[in-house]
Structures are given as C-alpha cells and as structure tokens.
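Engineer: Any chance you can model this:
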Amino acid sequence: QVRVVESGGGLVQPGGSLRLSCTISGSILSISHMGWDRQAPGKQRELVATIAADGTANYADSVKDRFTISMNDTRRNTVYLQISNLKPEDSAVYFCDFQLTTTAGVTDFRSRGQGIRVTVSS
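Structural biologist: Numbering: from 1, shown residues only. A predicted model of the protein is given here:
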C-alpha cells in the first residue's frame with residue numbers, strides 16, 4: 001500500500017507564490033520519478049513538471065519560467081512544486097503523480113494523489 005499526502009494549495013492573489021508538497025510512503029522499494037499535473041475546469045489534464053530520482057527535471061513549456069520542481073534530499077519521497085508569479089490561468093486542481101517499485105516487486109506502479117485546489121484570484 002502506498003500513501004500519498006498532498007498539501008499547500010489555496011487561494012492566492014495574482015503575482016503571488018506558493019509551494020505544493022507531496023509525500024509518499026508505505027510499501028516502496030524505490031521511486032523512479034515524481035511529478036505534478038493539473039486540471040482546470042473544462043480543460044484537459046496537463047502535465048506540468050516531473051523529476052526523476054537522479055534529480056533531472058522537466059517542465060511544460062507553459063510553466064518552465066515560473067515553476068520549480070524539487071525533491072527532498074534524504075529519502076527522496078517528497079516532491080515540491082514552487083510556483084511564482086501566479087496567474088489566474090494557473091487555477092486548477094494539482095495532482096501529485098509518481099512511478100515506483102513496490103516492496104512486493106511491482107516495478108511499474110503508477111498512481112496519483114487526490115489533488116490540491118489552487119485558485120488564483122484577486
């Protein structure tokens with residue numbers, strides 16, 4: 001069983017910043033990569049950023065100048081998404097995604113969290 005805890009969303013004014021966090025725990029042998037995607041009302045889900053276990057990060061072109069993804073240094077089971085200069089179009093539910101190997105030997109276990117709502121409005 002893999003547990004996911006997401007935090008950090010809320011209401012933010014345009015131009016503001018926030019940091020989303022996602023920690024996974026449980027029957028984890030190793031983590032391949034983690035990331036964030038988002039879905040705004042009436043829009044398709046958009047993958048915004050991913051980070052591999054070696055720290056290699058990738059971003060969607062639409063966010064690369066304002067979003068920074070990182071992982072905690074020790075256990076590397078927490079992923080952060082720092083968002084700066086927030087815009088109304090960033091309003092969405094943000095989901096933590098991950099791919100890992102479980103202690104039971106499942107090598108391509110993929111899942112996501114329940115989602116965090118971010119609302120950018122004055």
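Engineer: Could you list the paired strands of the helix or strand where Thr101 lies along with their orientation?
Structural biologist: Secondary structure assigned from DSSP states H and E places Thr101 in strand 92-102. Here strand 92-102 is paired, per DSSP bridges, with strand 28-39 (antiparallel), strand 109-112 (antiparallel), strand 116-120 (antiparallel).
Engineer: where exactly do the strands run in this structure?
Structural biologist: Counting by DSSP state E, the chain has these strands, from start to end: 2-7, 10-12, 18-26, 28-39, 46-52, 57-59, 67-71, 78-83, 92-102, 109-112, 116-120.
Engineer: Listing partners with orientation, what would you give for the first one?
Structural biologist: So that's strand 2-7. strand 18-26 (antiparallel).
Engineer: quick one: least confident helix or strand in this protein?
Structural biologist: strand 109-112 (a mean of 90; mean pLDDT, DSSP states H and E).
Engineer: which ones are touching Leu47?
Structural biologist: Gly35, Trp36, Asp37, Ala60, Asp97 (Cβ atoms under 8 Å, 6 or more residues apart in numbering). Every residue, glycine included, has its C-beta placed from N, CA and C.
Engineer: Next: Gln13.
Structural biologist: With Cβ under 8 Å, 6+ apart, Gln13 has these contacts: Leu86, Val120, Ser121, Ser122.
Engineer: re the thing from before, just the buried residues of the least confident helix or strand of the chain, please?
Structural biologist: For strand 109-112, burial by neighbour count (16 or more other Cβ atoms under 10 Å) applies to Phe109, Arg112.
Engineer: Same check on stretch 110-122?
Structural biologist: In stretch 110-122, counting by 16+ other Cβ under 10 Å, buried: Arg112, Gly113, Gly115, Ile116, Val118, Val120.
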